[in-house]
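Student: Here's my sequence, what's the structure:
(chains A and B)
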There are 2 protein chains.
Amino acid sequence: MAQQDRAIRTRQLILQAAGVIFAERGYEGATIKDVYDSVGVTKGAFYFHFASKKELAEAVLGAQVGDAGFPLVPRALKLQELVDAGMVFAHTLTHDPILQASIRLSMDPSTPDVDRRRPFQAWIDQNRRALDDALERGEMHPHVDVAEIAHLLVGAFSGVQLLSQAMTDRKDLEERISILLTNLLPAFAVPGILAKVDMSPGRGARVLAEMQQLLSPSCC
Amino acid sequence: MAQQDRAIRTRQLILQAAGVIFAERGYEGATIKDVYDSVGVTKGAFYFHFASKKELAEAVLGAQVGDAGFPLVPRALKLQELVDAGMVFAHTLTHDPILQASIRLSMDPSTPDVDRRRPFQAWIDQNRRALDDALERGEMHPHVDVAEIAHLLVGAFSGVQLLSQAMTDRKDLEERISILLTNLLPAFAVPGILAKVDMSPGRGARVLAEMQQLLSPSCC
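Tutor: Here you go, the predicted structure:
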């Protein structure tokens, strides 16, 4: 493995270990030593990648938007892309420790040195772009307040995931997000579009499988 | 003040102090000593009311359903009662430290000795009863899955409040809950009912004022 590849891999391993430890203990309860001990790297190797616990937490928080299954497969309907982003995120959240830790950090008000608004705002902005496009293409009722819906989707998603985590350790997460979308989309999508958007619980896994095939060297 | 009244008042003061301290420091970060020192009562007086930090946290959690503005004023429409419960809760959350702490405790996965599912389940059950009644009275589409909606409302509410807290320190909470309800009710309420349900941001304060008047000795 080339030196650069090894560095990228080590950084990813540190992020994963930080994910597990932040998700278990929260920001206050986690120490940098816990993280580098659990990866099996030296203190020096750790500080080559991250200058502080704050920087590490911000990298974990940043994983929430950007790496979470994006770029998505472009669709004829912009609202399908919006749904896909949510369903892929929900599916990934059921097993990815970095995402789980990112969620935990953004919900924890005792992380004063970390700006936990950042991932929320990034999701709101991403929804806003998709909804603006959907509105322009006639997929939405013309009177819809796009900024309100972009914000509402992030809020409602966060709470449905919180409740699923508290009640079933996220076992019903994909089903609950599917129920949320099925009940909320009619508030802004035109009826003709609704029947064409796949919001079923298995959607996240199907989109990810499709992406892996598109990205595989033997494809297309 | 009679001895019993004093005991009730002390218990309430302890709960309020615990609210502030849990809301600031979380379950792990709070100590019993912090609580009785801040109320100005002795350790013995504290233990007369609560046997442990766990019992104190469970009393704070329990405040979320039961004391939060209930019993509500009965309405001709059951869906108005459902909305009123949510709007009164949102309004009270903007300034009540016990409720704020209760929310914080139910969101915190690092409280292993406390059953944080209890307030969520109590809210789901309460919504379920209101929705069953509303269905029976013809206020809802007959095909609606009442259990799903009862659960969805709790999840979505929790997340909208979480986002409002993270982004604006709950300044826009009542407005965001109003937006949530306005967009979600059409999924289950029949159109003829929708125009008659008041879901505007000031609803919580108005209902509370009405209740105070009904409960005042000079009333009616």
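Student: how near is A:Asp145 to chain B?
Tutor: From A:Asp145 over to chain B the distance is 8 Å, taken as C-beta to the nearest C-beta, to the nearest Å. In this view, the C-beta of every residue, glycine as well, is placed from N, C-alpha and C.
Student: what does A:Val154 give?
Tutor: Noted for A:Val154: a distance of 6 Å to chain B, by C-beta to the nearest C-beta.
Student: Please name the spatially closest residue to whatever residue of chain A ends up closest to chain B (chain neighbours excluded).
Tutor: Scanning chain A for proximity to chain B using C-beta to the nearest C-beta identifies A:Gly159 as nearest, at 2.2 Å. Setting aside the residues directly before and after it, A:Gly159 is nearest to B:Gly159 in space (C-beta to C-beta, 6 or more residues apart in numbering or on different chains), at 2.2 Å.
Student: do the same with A:Phe46
Tutor: Excluding the flanking residues, the one nearest A:Phe46 by C-beta to C-beta, 6+ apart is A:Tyr36, at 4.1 Å.
Student: picking that back up, quick one, phi psi at the residue nearest to A:Gly159?
Tutor: Here the main-chain torsion angles of B:Gly159 (degrees, to the nearest 10) amount to phi -70, psi -40.
Student: Just give the number of residues close to it.
Tutor: Other residues within reach of B:Gly159, judged by other C-beta atoms under 10 Å in any protein chain shown, total 26.
Student: That one reaches A:Leu153, doesn't it?
Tutor: No - the pair B:Gly159 and A:Leu153 fails to qualify as a contact (C-beta atoms under 8 Å) at a distance of 9.8 Å.
Student: Residues of chain A that sit close to chain B?
Tutor: By C-beta under 8 Å from any C-beta of the partner chain, the residues of chain A that approach chain B are A:25-26, A:28-29, A:104, A:106-110, A:116-117, A:120-121, A:148-149, A:151-152, A:154-167, A:176, A:179-180, A:183-184, A:186-188.
Student: Select only the buried ones of those residues in PyMOL?
Tutor: If you want just the buried ones from those in PyMOL, going by 16 or more other C-beta atoms under 10 Å in any protein chain shown, the selection is:
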select buried, chain A and resi 25+26+28+104+106+107+108+109+110+116+120+148+149+151+152+154+155+156+157+158+159+160+161+162+163+164+165+166+167+176+179+180+183+184+187+188
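Student: if we look at the helix or strand containing A:Gln213, which residues are touching it?
Tutor: A:Gln213 belongs to helix A:203-215 when elements are defined using DSSP states H and E. The set of residues that contact helix A:203-215 without belonging to it, under C-beta atoms under 8 Å, 6 or more residues apart in numbering or on different chains, is A:69, A:72-73, A:83-84, A:87-92, A:174, A:178, A:219-220.
Student: now, which of those lie within strands?
Tutor: Of the positions in the contacts of helix A:203-215, not one sits in strands, assigned by DSSP state E.
Student: Widest-spaced pair of those?
Tutor: Using C-beta to C-beta, the two most remote members of these are A:Ser178 and A:Cys220, lying 29.5 Å apart.
Student: These two: which has the busier surroundings?
Tutor: Each of A:Ser178 and A:Cys220 has its neighbours counted (other C-beta under 10 Å); A:Ser178 has more, 23 against 6.
Student: Which residue, other than its chain neighbours, is closest to A:Val146?
Tutor: Spatial nearest neighbour of A:Val146, chain neighbours left out: A:Leu131 (4.6 Å); criterion: C-beta to C-beta, 6+ apart.
Student: tell me the phi and psi of that neighbour?
Tutor: The main-chain torsion angles of A:Leu131 are listed as degrees, to the nearest 10 and equal phi -70, psi -40.
Student: list the contacts for it?
Tutor: Contacts of A:Leu131 were listed using C-beta under 8 Å, 6+ apart, and they are A:Lys78, A:Leu82, A:Met140, A:Val144, A:Val146, A:Ile149, A:Ala150, A:Phe188.
Student: Compare those residues and tell me which is most surrounded.
Tutor: Most neighbours among these, by other C-beta under 10 Å: A:Leu82, with 27 neighbours.
Student: ok, and the closest non-adjacent residue to that one?
Tutor: Nearest residue to A:Leu82 in three dimensions, chain neighbours excluded: A:Ala130, at 4.3 Å (C-beta to C-beta, 6+ apart).
Student: A helix includes that neighbour, no?
Tutor: Yes - the assignment for A:Ala130 by DSSP: H, G, I helix; E, B strand; the rest coil puts it in a helix.
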